[in-house]
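J.: Prediction below, plus the sequence it came from.
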Amino acid sequence: MNFYPIFKKELKSYFTSLIAYIVLTVFLVISGYYFYTDLALFVVWGGASVQEGLWQYLFHDIRLILLLTVPLLTMRLFAEEKKLGTIELLFTYPFRDSEILLGKFLACLAVFSLMIGLTVLYPLLLSLVYDVEVWPLVASYLGLFLLGASFISCGIMVSSLTENQIVAALVSSGVIFGFWFIDWNEAAVSPLVAEVLHHISFFEHFYNFVRGVIETKDIIYFVLFTFFFLFLTLRSLESRRWRGMR
Amino acid sequence: MIEVDHLTKYYGEIRGIEDISFSIKRGEIAGFLGPNGSGKTTTMRILTCFFPPTRGRAQVAGYDVITHPIEVRRRIGYVPETVPLYPDMKVAGYLSFVAEAKRMDSRQRKRKIGAIMEQCGIVEVAHRLVGNLSKGFRQRVGLAQALINDPEVLILDEPTIGLDPKQVVEIRELIKSLAGERTIILSTHILPEVSMTCERIIIIHEGRIAAVDTPENLMQKLQKTLKTVVQIRGVGGEIREKLKTLPGVITVVDKGEVAPGVRCFEVESEKEGEMSSELAHLVYLNGWKLIEMRTEKMSLENIFIELTREEGV
(Lines give C-alpha, C1' and ligand atoms only; values in the text may rest on other atoms or scores of the structure.)
Protein backbone atom coordinates (compact mmCIF):
# COMPACT_ATOMS: atom_id res chain seq x y z
CA MET A 1 0.00 0.00 0.00
CA ASN A 2 1.51 3.25 -1.17
CA PHE A 3 -0.49 5.61 1.05
CA TYR A 4 2.41 7.27 2.88
CA PRO A 5 2.92 10.26 0.52
CA ILE A 6 -0.77 11.17 0.87
CA PHE A 7 -0.66 10.68 4.63
CA LYS A 8 2.35 12.98 4.91
CA LYS A 9 0.88 15.65 2.63
CA GLU A 10 -2.45 15.72 4.48
CA LEU A 11 -0.81 15.86 7.88
CA LYS A 12 1.40 18.76 6.76
CA SER A 13 -1.60 20.50 5.26
CA TYR A 14 -3.53 20.28 8.56
CA PHE A 15 -0.81 22.26 10.27
CA THR A 16 0.16 24.71 7.50
CA SER A 17 -3.47 25.64 6.91
CA LEU A 18 -3.81 26.20 10.69
CA ILE A 19 -7.06 24.22 10.79
CA ALA A 20 -5.47 21.66 13.14
CA TYR A 21 -4.38 24.37 15.58
CA ILE A 22 -7.77 26.02 15.54
CA VAL A 23 -9.70 22.79 16.07
CA LEU A 24 -7.24 21.65 18.76
CA THR A 25 -7.54 24.94 20.61
CA VAL A 26 -11.32 25.02 20.56
CA PHE A 27 -11.49 21.38 21.57
CA LEU A 28 -9.03 21.70 24.44
CA VAL A 29 -10.53 24.90 25.83
CA ILE A 30 -14.05 23.44 25.92
CA SER A 31 -13.03 19.99 27.13
CA GLY A 32 -10.84 21.60 29.80
CA TYR A 33 -13.81 23.63 31.01
CA TYR A 34 -15.94 20.48 31.04
CA PHE A 35 -13.30 18.69 33.09
CA TYR A 36 -13.15 21.54 35.59
CA THR A 37 -16.93 21.84 36.00
CA ASP A 38 -17.56 18.07 36.06
CA LEU A 39 -14.87 17.67 38.70
CA ALA A 40 -16.31 20.54 40.74
CA LEU A 41 -19.67 18.78 40.71
CA PHE A 42 -18.21 15.63 42.23
CA VAL A 43 -16.16 17.54 44.77
CA VAL A 44 -19.18 19.51 45.95
CA TRP A 45 -21.36 16.41 46.04
CA GLY A 46 -18.73 14.49 47.93
CA GLY A 47 -19.36 10.83 48.45
CA ALA A 48 -20.26 10.13 44.81
CA SER A 49 -17.80 7.89 43.08
CA VAL A 50 -15.29 9.88 41.13
CA GLN A 51 -13.94 6.72 39.53
CA GLU A 52 -17.24 5.79 37.92
CA GLY A 53 -19.19 8.98 37.62
CA LEU A 54 -16.68 11.61 36.65
CA TRP A 55 -15.27 9.84 33.60
CA GLN A 56 -18.73 8.93 32.36
CA TYR A 57 -19.70 12.58 32.56
CA LEU A 58 -16.51 13.85 31.04
CA PHE A 59 -16.34 11.44 28.11
CA HIS A 60 -19.95 12.05 27.20
CA ASP A 61 -19.21 15.75 27.23
CA ILE A 62 -16.09 15.27 25.10
CA ARG A 63 -18.17 13.22 22.66
CA LEU A 64 -20.45 16.24 22.31
CA ILE A 65 -17.51 18.47 21.30
CA LEU A 66 -16.34 15.82 18.84
CA LEU A 67 -19.73 15.91 17.14
CA LEU A 68 -18.92 19.49 16.16
CA THR A 69 -15.14 19.43 15.74
CA VAL A 70 -14.42 16.19 13.85
CA PRO A 71 -16.49 17.32 10.81
CA LEU A 72 -14.25 20.42 10.75
CA LEU A 73 -11.26 18.11 10.35
CA THR A 74 -12.83 15.91 7.68
CA MET A 75 -14.67 18.52 5.60
CA ARG A 76 -11.70 19.52 3.47
CA LEU A 77 -10.32 16.05 2.73
CA PHE A 78 -12.03 15.55 -0.63
CA ALA A 79 -14.23 18.64 -0.99
CA GLU A 80 -11.20 20.95 -1.18
CA GLU A 81 -9.43 18.79 -3.77
CA LYS A 82 -12.56 18.83 -5.88
CA LYS A 83 -12.96 22.58 -5.54
CA LEU A 84 -9.32 23.24 -6.47
CA GLY A 85 -9.40 20.62 -9.23
CA THR A 86 -6.30 19.01 -7.75
CA ILE A 87 -8.18 15.73 -7.56
CA GLU A 88 -7.72 15.42 -11.32
CA LEU A 89 -3.95 15.30 -10.92
CA LEU A 90 -4.16 13.14 -7.81
CA PHE A 91 -6.11 10.50 -9.70
CA THR A 92 -3.49 10.41 -12.46
CA TYR A 93 -0.62 9.71 -10.05
CA PRO A 94 0.21 6.04 -9.52
CA PHE A 95 -2.15 5.54 -6.56
CA ARG A 96 -5.09 3.25 -6.17
CA ASP A 97 -8.24 5.00 -4.96
CA SER A 98 -7.99 2.99 -1.75
CA GLU A 99 -4.46 4.27 -1.11
CA ILE A 100 -5.55 7.88 -1.46
CA LEU A 101 -8.48 7.24 0.88
CA LEU A 102 -6.36 5.43 3.44
CA GLY A 103 -3.71 8.19 3.48
CA LYS A 104 -6.35 10.84 4.12
CA PHE A 105 -8.19 8.77 6.71
CA LEU A 106 -5.04 7.99 8.68
CA ALA A 107 -3.83 11.60 8.58
CA CYS A 108 -7.14 12.75 10.04
CA LEU A 109 -7.06 9.95 12.60
CA ALA A 110 -3.55 11.07 13.61
CA VAL A 111 -4.73 14.64 14.27
CA PHE A 112 -7.71 13.25 16.15
CA SER A 113 -5.45 11.03 18.27
CA LEU A 114 -3.31 14.04 19.14
CA MET A 115 -6.49 15.86 20.12
CA ILE A 116 -7.77 13.24 22.53
CA GLY A 117 -4.20 12.33 23.53
CA LEU A 118 -3.77 15.80 25.02
CA THR A 119 -6.78 15.28 27.29
CA VAL A 120 -4.80 12.59 29.14
CA LEU A 121 -3.50 15.62 31.00
CA TYR A 122 -6.78 15.80 32.97
CA PRO A 123 -6.57 12.38 34.68
CA LEU A 124 -2.83 12.96 35.13
CA LEU A 125 -3.56 16.20 37.02
CA LEU A 126 -6.22 14.48 39.09
CA SER A 127 -3.84 11.62 39.92
CA LEU A 128 -1.64 14.09 41.79
CA VAL A 129 -4.30 14.48 44.48
CA TYR A 130 -6.47 11.40 44.01
CA ASP A 131 -5.86 7.74 43.42
CA VAL A 132 -7.02 7.29 39.80
CA GLU A 133 -7.73 3.81 38.48
CA VAL A 134 -6.08 3.26 35.09
CA TRP A 135 -8.05 0.47 33.41
CA PRO A 136 -11.48 2.13 33.20
CA LEU A 137 -9.71 5.07 31.59
CA VAL A 138 -8.01 2.81 29.05
CA ALA A 139 -11.42 1.45 28.10
CA SER A 140 -12.83 4.96 27.81
CA TYR A 141 -9.98 6.11 25.58
CA LEU A 142 -10.30 3.02 23.40
CA GLY A 143 -14.00 3.86 23.04
CA LEU A 144 -13.19 7.48 22.22
CA PHE A 145 -10.64 6.41 19.59
CA LEU A 146 -13.06 4.01 17.91
CA LEU A 147 -15.82 6.61 18.05
CA GLY A 148 -13.46 9.13 16.42
CA ALA A 149 -12.59 6.69 13.64
CA SER A 150 -16.31 6.23 12.96
CA PHE A 151 -16.93 9.98 12.92
CA ILE A 152 -13.98 10.49 10.55
CA SER A 153 -15.04 7.78 8.10
CA CYS A 154 -18.51 9.28 8.00
CA GLY A 155 -17.09 12.79 7.50
CA ILE A 156 -14.78 11.67 4.68
CA MET A 157 -17.68 10.01 2.92
CA VAL A 158 -19.74 13.21 2.98
CA SER A 159 -16.69 15.23 1.91
CA SER A 160 -16.31 13.01 -1.17
CA LEU A 161 -19.83 13.89 -2.27
CA THR A 162 -19.51 17.67 -2.45
CA GLU A 163 -17.02 20.35 -3.31
CA ASN A 164 -18.43 22.71 -0.69
CA GLN A 165 -16.63 22.35 2.63
CA ILE A 166 -19.40 24.00 4.67
CA VAL A 167 -21.94 21.58 3.25
CA ALA A 168 -19.56 18.71 4.03
CA ALA A 169 -19.15 19.81 7.67
CA LEU A 170 -22.86 20.44 8.27
CA VAL A 171 -24.10 17.24 6.66
CA SER A 172 -21.56 15.03 8.42
CA SER A 173 -22.42 16.65 11.76
CA GLY A 174 -26.05 15.91 10.98
CA VAL A 175 -25.41 12.27 10.06
CA ILE A 176 -23.28 11.63 13.14
CA PHE A 177 -25.82 13.36 15.37
CA GLY A 178 -28.54 11.22 13.81
CA PHE A 179 -26.66 8.03 14.61
CA TRP A 180 -26.31 9.26 18.17
CA PHE A 181 -29.88 9.95 19.11
CA ILE A 182 -31.73 7.65 16.71
CA ASP A 183 -32.79 5.40 19.63
CA TRP A 184 -33.39 8.08 22.20
CA ASN A 185 -37.16 7.79 22.42
CA GLU A 186 -38.57 4.29 22.67
CA ALA A 187 -42.11 5.61 22.91
CA ALA A 188 -41.97 6.87 19.32
CA VAL A 189 -41.47 3.47 17.68
CA SER A 190 -42.66 -0.11 18.12
CA PRO A 191 -40.63 -2.28 20.54
CA LEU A 192 -39.06 -4.29 17.70
CA VAL A 193 -37.89 -1.22 15.82
CA ALA A 194 -36.67 0.29 19.09
CA GLU A 195 -34.55 -2.80 19.65
CA VAL A 196 -33.01 -2.54 16.17
CA LEU A 197 -32.34 1.19 16.54
CA HIS A 198 -30.72 0.44 19.87
CA HIS A 199 -28.11 -1.68 18.13
CA ILE A 200 -27.57 0.81 15.31
CA SER A 201 -27.08 3.80 17.58
CA PHE A 202 -23.68 4.93 18.88
CA PHE A 203 -25.07 5.53 22.35
CA GLU A 204 -25.24 2.07 23.87
CA HIS A 205 -21.91 0.93 22.38
CA PHE A 206 -20.02 3.97 23.55
CA TYR A 207 -21.67 3.85 26.98
CA ASN A 208 -20.15 0.44 27.64
CA PHE A 209 -16.66 1.76 27.03
CA VAL A 210 -17.01 4.76 29.34
CA ARG A 211 -18.35 2.46 32.06
CA GLY A 212 -15.02 0.68 31.76
CA VAL A 213 -16.36 -2.37 29.94
CA ILE A 214 -14.64 -3.54 26.76
CA GLU A 215 -16.96 -5.85 24.85
CA THR A 216 -16.12 -7.46 21.52
CA LYS A 217 -19.50 -6.60 20.04
CA ASP A 218 -18.91 -2.90 20.70
CA ILE A 219 -15.47 -3.00 19.11
CA ILE A 220 -16.91 -4.84 16.11
CA TYR A 221 -19.71 -2.29 15.85
CA PHE A 222 -17.32 0.67 15.56
CA VAL A 223 -14.91 -1.14 13.24
CA LEU A 224 -17.76 -2.19 10.96
CA PHE A 225 -19.22 1.31 11.03
CA THR A 226 -15.84 2.75 10.01
CA PHE A 227 -15.28 0.23 7.23
CA PHE A 228 -18.80 0.65 5.93
CA PHE A 229 -18.39 4.37 5.45
CA LEU A 230 -14.88 3.99 3.99
CA PHE A 231 -16.36 1.49 1.55
CA LEU A 232 -19.09 3.97 0.62
CA THR A 233 -16.40 6.61 0.07
CA LEU A 234 -14.56 4.31 -2.34
CA ARG A 235 -17.79 3.82 -4.28
CA SER A 236 -18.33 7.56 -4.33
CA LEU A 237 -14.78 8.14 -5.65
CA GLU A 238 -15.35 5.52 -8.31
CA SER A 239 -18.47 7.26 -9.54
CA ARG A 240 -16.25 9.59 -11.57
CA ARG A 241 -15.79 6.63 -13.90
CA TRP A 242 -19.29 6.88 -15.22
CA ARG A 243 -20.42 10.34 -14.20
CA GLY A 244 -17.47 12.21 -15.59
CA MET A 245 -17.34 14.54 -12.62
CA ARG A 246 -14.10 15.80 -11.22
CA MET B 1 3.74 4.78 -27.93
CA ILE B 2 0.07 5.71 -27.80
CA GLU B 3 -2.50 3.43 -29.44
CA VAL B 4 -6.12 4.46 -29.34
CA ASP B 5 -8.64 2.04 -30.73
CA HIS B 6 -12.32 2.87 -31.24
CA LEU B 7 -12.51 4.82 -28.01
CA THR B 8 -15.98 5.89 -26.88
CA LYS B 9 -16.97 7.68 -23.70
CA TYR B 10 -20.47 8.51 -22.54
CA TYR B 11 -21.36 10.46 -19.41
CA GLY B 12 -24.70 8.86 -18.78
CA GLU B 13 -26.66 9.88 -21.85
CA ILE B 14 -24.27 12.60 -22.91
CA ARG B 15 -21.66 11.72 -25.50
CA GLY B 16 -18.09 12.70 -24.70
CA ILE B 17 -16.26 11.06 -27.58
CA GLU B 18 -17.36 8.54 -30.17
CA ASP B 19 -15.22 5.93 -31.92
CA ILE B 20 -11.87 7.70 -31.77
CA SER B 21 -8.83 5.89 -33.17
CA PHE B 22 -5.29 7.11 -33.76
CA SER B 23 -1.73 6.17 -32.91
CA ILE B 24 1.25 8.28 -32.00
CA LYS B 25 4.82 7.11 -32.46
CA ARG B 26 7.63 7.46 -29.95
CA GLY B 27 9.18 10.91 -29.96
CA GLU B 28 6.35 12.53 -31.87
CA ILE B 29 4.65 15.79 -30.88
CA ALA B 30 0.98 15.44 -31.68
CA GLY B 31 -1.59 18.20 -31.39
CA PHE B 32 -5.21 17.77 -30.48
CA LEU B 33 -7.17 20.45 -32.18
CA GLY B 34 -10.83 21.19 -31.74
CA PRO B 35 -13.30 23.75 -30.48
CA ASN B 36 -14.17 23.83 -26.78
CA GLY B 37 -16.27 20.87 -25.73
CA SER B 38 -15.20 18.73 -28.67
CA GLY B 39 -13.79 15.91 -26.53
CA LYS B 40 -10.09 16.79 -26.22
CA THR B 41 -10.05 16.72 -22.43
CA THR B 42 -12.18 13.57 -22.31
CA THR B 43 -9.67 11.75 -24.51
CA MET B 44 -6.78 12.98 -22.39
CA ARG B 45 -8.46 11.93 -19.16
CA ILE B 46 -8.85 8.42 -20.55
CA LEU B 47 -5.19 8.32 -21.60
CA THR B 48 -4.14 9.44 -18.11
CA CYS B 49 -6.39 6.79 -16.51
CA PHE B 50 -8.46 9.40 -14.70
CA PHE B 51 -11.50 7.46 -15.84
CA PRO B 52 -11.93 4.49 -18.16
CA PRO B 53 -13.64 4.64 -21.56
CA THR B 54 -17.17 3.32 -22.04
CA ARG B 55 -16.01 1.26 -25.03
CA GLY B 56 -12.80 0.75 -26.94
CA ARG B 57 -9.18 0.31 -25.94
CA ALA B 58 -6.23 2.56 -25.37
CA GLN B 59 -2.59 1.72 -24.78
CA VAL B 60 -0.05 4.16 -23.42
CA ALA B 61 3.65 3.27 -23.21
CA GLY B 62 2.76 -0.35 -23.90
CA TYR B 63 0.19 -0.72 -21.12
CA ASP B 64 -3.57 -0.87 -21.33
CA VAL B 65 -5.31 2.01 -19.54
CA ILE B 66 -8.12 -0.23 -18.28
CA THR B 67 -6.20 -3.25 -17.06
CA HIS B 68 -2.91 -1.61 -15.97
CA PRO B 69 -3.73 1.96 -14.93
CA ILE B 70 -0.98 2.15 -12.29
CA GLU B 71 1.69 1.12 -14.81
CA VAL B 72 0.43 3.72 -17.29
CA ARG B 73 0.34 6.44 -14.64
CA ARG B 74 3.95 5.74 -13.68
CA ARG B 75 5.04 6.45 -17.24
CA ILE B 76 3.13 9.63 -17.98
CA GLY B 77 3.24 13.27 -17.02
CA TYR B 78 -0.01 15.21 -17.17
CA VAL B 79 -0.77 18.91 -17.00
CA PRO B 80 -4.53 19.49 -16.81
CA GLU B 81 -6.06 22.57 -18.37
CA THR B 82 -6.30 24.85 -15.33
CA VAL B 83 -3.08 23.53 -13.73
CA PRO B 84 -4.67 22.66 -10.41
CA LEU B 85 -2.12 23.02 -7.60
CA TYR B 86 -2.26 23.11 -3.79
CA PRO B 87 -2.10 26.80 -2.87
CA ASP B 88 -0.85 26.21 0.69
CA MET B 89 2.25 24.24 -0.38
CA LYS B 90 5.64 25.64 -1.26
CA VAL B 91 6.92 24.88 -4.76
CA ALA B 92 9.83 22.68 -3.61
CA GLY B 93 7.63 20.91 -1.06
CA TYR B 94 4.96 20.28 -3.66
CA LEU B 95 7.44 18.79 -6.12
CA SER B 96 8.82 16.60 -3.38
CA PHE B 97 5.28 15.30 -2.72
CA VAL B 98 4.79 14.59 -6.43
CA ALA B 99 8.16 12.79 -6.59
CA GLU B 100 7.05 10.59 -3.70
CA ALA B 101 3.63 10.09 -5.21
CA LYS B 102 5.23 8.94 -8.45
CA ARG B 103 7.29 6.46 -6.43
CA MET B 104 10.69 7.87 -7.25
CA ASP B 105 13.74 6.51 -5.55
CA SER B 106 14.38 8.58 -2.41
CA ARG B 107 18.08 9.00 -3.19
CA GLN B 108 17.41 10.44 -6.65
CA ARG B 109 14.57 12.66 -5.53
CA LYS B 110 16.44 15.68 -4.27
CA ARG B 111 18.83 15.88 -7.22
CA LYS B 112 15.98 15.37 -9.68
CA ILE B 113 13.82 18.09 -8.13
CA GLY B 114 16.73 20.52 -8.41
CA ALA B 115 17.32 19.63 -12.05
CA ILE B 116 13.64 19.94 -12.97
CA MET B 117 13.31 23.33 -11.28
CA GLU B 118 16.36 24.46 -13.22
CA GLN B 119 14.92 23.17 -16.51
CA CYS B 120 11.52 24.77 -15.98
CA GLY B 121 12.96 28.04 -14.69
CA ILE B 122 11.33 27.99 -11.25
CA VAL B 123 14.40 27.94 -9.01
CA GLU B 124 13.74 31.52 -7.90
CA VAL B 125 10.25 30.66 -6.61
CA ALA B 126 11.23 27.34 -4.97
CA HIS B 127 10.37 28.57 -1.49
CA ARG B 128 7.25 30.55 -2.30
CA LEU B 129 3.70 29.37 -1.74
CA VAL B 130 2.12 28.01 -4.90
CA GLY B 131 -0.98 30.12 -4.21
CA ASN B 132 1.02 33.33 -4.59
CA LEU B 133 2.54 32.52 -7.99
CA SER B 134 1.72 34.24 -11.27
CA LYS B 135 -0.04 32.30 -14.01
CA GLY B 136 3.21 31.85 -15.94
CA PHE B 137 5.00 30.35 -12.96
CA ARG B 138 2.03 28.14 -12.12
CA GLN B 139 2.18 26.74 -15.66
CA ARG B 140 5.88 26.03 -15.19
CA VAL B 141 5.27 24.34 -11.85
CA GLY B 142 2.58 22.30 -13.60
CA LEU B 143 5.10 21.23 -16.23
CA ALA B 144 7.70 20.48 -13.56
CA GLN B 145 5.35 18.13 -11.67
CA ALA B 146 4.59 16.34 -14.95
CA LEU B 147 8.27 15.96 -15.87
CA ILE B 148 9.63 14.90 -12.52
CA ASN B 149 9.41 11.16 -13.17
CA ASP B 150 11.02 11.42 -16.63
CA PRO B 151 7.79 10.34 -18.28
CA GLU B 152 7.84 8.58 -21.63
CA VAL B 153 4.60 10.31 -22.52
CA LEU B 154 3.74 13.91 -21.73
CA ILE B 155 0.10 14.96 -21.93
CA LEU B 156 -0.63 18.69 -21.90
CA ASP B 157 -4.16 20.07 -21.89
CA GLU B 158 -4.21 23.62 -23.28
CA PRO B 159 -0.68 24.41 -22.06
CA THR B 160 -0.66 28.07 -23.10
CA ILE B 161 -4.16 29.15 -22.18
CA GLY B 162 -4.34 32.38 -20.19
CA LEU B 163 -0.68 33.30 -20.59
CA ASP B 164 0.60 36.59 -21.94
CA PRO B 165 2.26 36.52 -25.41
CA LYS B 166 5.80 36.43 -24.01
CA GLN B 167 4.97 33.55 -21.67
CA VAL B 168 3.26 31.70 -24.52
CA VAL B 169 6.47 31.83 -26.55
CA GLU B 170 8.52 30.69 -23.55
CA ILE B 171 6.26 27.74 -22.77
CA ARG B 172 6.22 26.68 -26.43
CA GLU B 173 10.02 26.76 -26.53
CA LEU B 174 10.09 24.71 -23.34
CA ILE B 175 7.71 22.14 -24.82
CA LYS B 176 9.74 21.91 -28.01
CA SER B 177 12.94 21.42 -26.03
CA LEU B 178 11.32 18.43 -24.32
CA ALA B 179 10.63 16.62 -27.57
CA GLY B 180 12.91 13.90 -28.86
CA GLU B 181 12.92 11.04 -26.40
CA ARG B 182 9.49 11.91 -25.08
CA THR B 183 6.19 11.53 -26.84
CA ILE B 184 4.13 14.66 -26.37
CA ILE B 185 0.45 15.10 -26.90
CA LEU B 186 -1.00 18.55 -26.42
CA SER B 187 -4.43 20.00 -26.94
CA THR B 188 -5.35 23.47 -28.01
CA HIS B 189 -8.01 25.44 -29.77
CA ILE B 190 -5.46 27.99 -30.94
CA LEU B 191 -4.51 27.08 -34.48
CA PRO B 192 -1.08 28.65 -34.91
CA GLU B 193 -0.01 26.75 -31.82
CA VAL B 194 -0.31 23.33 -33.44
CA SER B 195 1.26 24.36 -36.70
CA MET B 196 4.18 25.83 -34.73
CA THR B 197 4.81 23.00 -32.30
CA CYS B 198 3.28 19.83 -33.65
CA GLU B 199 4.39 17.29 -36.22
CA ARG B 200 0.97 15.79 -36.45
CA ILE B 201 -2.50 17.14 -35.95
CA ILE B 202 -5.54 15.27 -34.73
CA ILE B 203 -8.64 17.31 -35.30
CA ILE B 204 -11.60 16.46 -33.10
CA HIS B 205 -15.03 17.82 -33.62
CA GLU B 206 -18.18 16.93 -31.68
CA GLY B 207 -16.50 13.90 -30.18
CA ARG B 208 -15.32 12.41 -33.46
CA ILE B 209 -12.07 12.56 -35.35
CA ALA B 210 -12.30 14.92 -38.30
CA ALA B 211 -8.75 14.45 -39.57
CA VAL B 212 -5.32 13.11 -38.62
CA ASP B 213 -2.28 14.25 -40.58
CA THR B 214 0.77 16.47 -40.73
CA PRO B 215 0.01 20.19 -40.96
CA GLU B 216 1.39 20.23 -44.54
CA ASN B 217 -0.62 17.24 -45.74
CA LEU B 218 -3.78 18.61 -44.19
CA MET B 219 -3.37 21.78 -46.16
CA GLN B 220 -2.68 19.84 -49.33
CA LYS B 221 -5.70 17.61 -48.88
CA LEU B 222 -8.07 20.44 -48.28
CA GLN B 223 -7.06 22.59 -51.14
CA LYS B 224 -9.75 22.11 -53.71
CA THR B 225 -8.73 25.10 -55.75
CA LEU B 226 -5.40 26.73 -56.31
CA LYS B 227 -4.89 30.42 -55.89
CA THR B 228 -2.06 32.01 -57.89
CA VAL B 229 -1.10 35.63 -57.44
CA VAL B 230 0.74 37.27 -60.35
CA GLN B 231 2.14 40.75 -60.92
CA ILE B 232 2.57 41.63 -64.57
CA ARG B 233 4.02 44.67 -66.33
CA GLY B 234 2.18 45.10 -69.62
CA VAL B 235 -0.60 46.84 -71.45
CA GLY B 236 -4.05 47.69 -70.13
CA GLY B 237 -7.37 45.89 -69.85
CA GLU B 238 -6.96 42.93 -72.17
CA ILE B 239 -4.70 41.02 -69.73
CA ARG B 240 -7.60 40.00 -67.53
CA GLU B 241 -9.55 38.67 -70.53
CA LYS B 242 -6.57 36.72 -71.79
CA LEU B 243 -5.89 35.21 -68.33
CA LYS B 244 -9.48 33.96 -68.31
CA THR B 245 -8.89 31.93 -71.47
CA LEU B 246 -6.26 29.73 -69.78
CA PRO B 247 -7.36 26.08 -69.22
CA GLY B 248 -8.77 25.38 -65.75
CA VAL B 249 -9.21 28.98 -64.68
CA ILE B 250 -12.29 29.63 -62.57
CA THR B 251 -12.07 33.31 -61.68
CA VAL B 252 -9.65 36.17 -62.21
CA VAL B 253 -9.69 39.10 -59.83
CA ASP B 254 -8.00 42.35 -60.81
CA LYS B 255 -6.28 43.79 -57.74
CA GLY B 256 -5.27 46.97 -59.56
CA GLU B 257 -1.95 48.74 -60.01
CA VAL B 258 0.62 47.91 -57.31
CA ALA B 259 3.48 49.87 -58.89
CA PRO B 260 3.65 52.19 -61.92
CA GLY B 261 2.71 50.00 -64.88
CA VAL B 262 2.51 46.83 -62.77
CA ARG B 263 -0.85 45.18 -62.14
CA CYS B 264 -1.73 42.39 -59.75
CA PHE B 265 -4.17 39.54 -60.42
CA GLU B 266 -5.50 36.69 -58.32
CA VAL B 267 -6.13 33.63 -60.45
CA GLU B 268 -8.22 30.86 -58.94
CA SER B 269 -7.95 27.58 -60.84
CA GLU B 270 -8.57 23.84 -60.65
CA LYS B 271 -6.18 22.00 -58.35
CA GLU B 272 -4.91 19.78 -61.16
CA GLY B 273 -3.01 21.26 -64.09
CA GLU B 274 0.12 23.38 -64.22
CA MET B 275 -1.15 26.86 -63.75
CA SER B 276 2.29 28.41 -63.14
CA SER B 277 3.80 27.26 -66.41
CA GLU B 278 0.62 28.09 -68.38
CA LEU B 279 0.70 31.57 -66.91
CA ALA B 280 4.40 32.06 -67.62
CA HIS B 281 3.88 30.93 -71.19
CA LEU B 282 0.99 33.36 -71.70
CA VAL B 283 3.11 36.25 -70.38
CA TYR B 284 5.93 35.29 -72.73
CA LEU B 285 3.65 35.00 -75.79
CA ASN B 286 2.22 38.48 -75.22
CA GLY B 287 5.59 40.09 -74.60
CA TRP B 288 4.65 41.18 -71.02
CA LYS B 289 7.05 41.13 -68.09
CA LEU B 290 6.50 38.82 -65.13
CA ILE B 291 7.29 40.69 -61.90
CA GLU B 292 6.07 38.15 -59.35
CA MET B 293 4.19 34.85 -59.26
CA ARG B 294 3.32 32.80 -56.18
CA THR B 295 0.92 30.05 -55.24
CA GLU B 296 -1.03 30.83 -52.05
CA LYS B 297 -1.34 28.10 -49.48
CA MET B 298 -4.51 27.72 -47.51
CA SER B 299 -4.03 28.61 -43.88
CA LEU B 300 -4.67 26.09 -41.15
CA GLU B 301 -7.41 28.34 -39.96
CA ASN B 302 -9.27 27.77 -43.22
CA ILE B 303 -8.72 24.05 -43.00
CA PHE B 304 -10.17 24.02 -39.56
CA ILE B 305 -13.27 25.96 -40.48
CA GLU B 306 -13.63 23.77 -43.55
CA LEU B 307 -13.35 20.54 -41.58
CA THR B 308 -15.69 21.50 -38.80
CA ARG B 309 -18.21 22.93 -41.21
CA GLU B 310 -18.26 19.77 -43.32
CA GLU B 311 -18.62 17.65 -40.21
CA GLY B 312 -21.45 19.79 -38.98
CA VAL B 313 -23.52 19.41 -42.13
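T.: Thanks, I have the structure now. Numbering: from 1, shown residues only, chains lettered A, B, ... in the order given.

J.: Next, residue A:129: secondary structure please.
T.: coil (DSSP: H, G, I helix; E, B strand; the rest coil).

J.: Over to residue B:255?
T.: Recorded secondary structure, residue B:255: strand (three-state DSSP).

J.: tell me the pLDDT at residue A:228?
T.: You'll see residue A:228 listed with a pLDDT of 96.

J.: Look up the closest residue to it, ignoring the ones flanking it.
T.: Once flanking residues are discounted, residue A:228 sits nearest to residue A:153: 7.7 Å by C-beta to C-beta, 6 or more residues apart in numbering or on different chains. Backbone N, C-alpha and C define where each C-beta goes, glycine included.

J.: looking just at contacts, which helices and strands does the host helix or strand of that neighbour meet?
T.: Following DSSP states H and E, one finds residue A:153 within helix A:134-159. Taking 3 or more C-beta pairs under 8 Å, 6 or more residues apart in numbering or on different chains; DSSP states H and E as contact, the helices and strands that helix A:134-159 lies on are helix A:55-74, helix A:76-84, helix A:97-117, helix A:165-181, helix A:202-210, helix A:216-238.

J.: and the ones you listed as JSON lines, adding mean neighbour count and distance to residue B:120?
T.: Below are the helices and strands packed on helix A:134-159 laid out as JSON lines (neighbours: other C-beta atoms under 10 Å in any protein chain shown; distance: least, C-beta to C-beta, whole Å):
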{"stretch": "helix A:55-74", "mean neighbour count": "21", "distance to residue B:120": "35"}
{"stretch": "helix A:76-84", "mean neighbour count": "22", "distance to residue B:120": "21"}
{"stretch": "helix A:97-117", "mean neighbour count": "20", "distance to residue B:120": "26"}
{"stretch": "helix A:165-181", "mean neighbour count": "18", "distance to residue B:120": "32"}
{"stretch": "helix A:202-210", "mean neighbour count": "20", "distance to residue B:120": "51"}
{"stretch": "helix A:216-238", "mean neighbour count": "16", "distance to residue B:120": "31"}
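
J.: how about the ones you listed in JSON lines, adding distance to residue B:44?
T.: Formatted as JSON lines, the helices and strands packed on helix A:134-159 follow (distance: least, C-beta to C-beta, whole Å):
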{"stretch": "helix A:55-74", "distance to residue B:44": "31"}
{"stretch": "helix A:76-84", "distance to residue B:44": "19"}
{"stretch": "helix A:97-117", "distance to residue B:44": "20"}
{"stretch": "helix A:165-181", "distance to residue B:44": "28"}
{"stretch": "helix A:202-210", "distance to residue B:44": "45"}
{"stretch": "helix A:216-238", "distance to residue B:44": "20"}
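
J.: Next up, the contacts around the residue nearest to residue A:228.
T.: Applying C-beta atoms under 8 Å, 6 or more residues apart in numbering or on different chains to residue A:153 gives the contacts A:105, A:225-230, A:233.

J.: Could you measure from it over to residue B:182?
T.: The gap separating residue A:153 from residue B:182 is 41 Å, by C-beta to C-beta, to the nearest Å.

J.: who in chain A is up against chain B?
T.: Residues of chain A lying near chain B by C-beta under 8 Å from any C-beta of the partner chain: A:2, A:4-6, A:8-9, A:12-13, A:16-17, A:84-96, A:240-244.

J.: Now list the buried members of the residues you listed.
T.: Buried members of those, scored by 16 or more other C-beta atoms under 10 Å in any protein chain shown, are A:2, A:5-6, A:9, A:12-13, A:84-95, A:240, A:244.

J.: pLDDT averaged over stretch B:202-215, what's the number?
T.: 84.

J.: For that stretch, what is the distance to the chain centroid?
T.: Distance of stretch B:202-215 from the chain centroid (C-alpha atoms, centre = their mean, to the nearest Å) equals 11 Å.

J.: Say whether chain A is contacted by it.
T.: No - using C-beta under 8 Å from any C-beta, stretch B:202-215 stays clear of chain A, coming no nearer than 12.7 Å.

J.: Quick check: buried residues in that stretch?
T.: Applying a neighbour-count criterion of 16+ other C-beta under 10 Å, the buried positions in stretch B:202-215 are B:202-213, B:215.

J.: So, low pLDDT: which residues of the chain?
T.: As the question left the chain open, I've gone with chain A. A:46-48, A:51, A:244-246 (pLDDT under 70).

J.: wrong chain, I was asking about chain B
T.: In chain B (pLDDT under 70), the answer is B:222-224, B:235-237, B:297-313.

J.: which residues touch residue B:85?
T.: Applying C-beta under 8 Å, 6+ apart to residue B:85 gives the contacts A:84, A:86, B:94, B:130, B:138, B:141-142, B:145.

J.: Surely it is within a strand?
T.: No - counting by three-state DSSP, residue B:85 is not part of a strand but coil.
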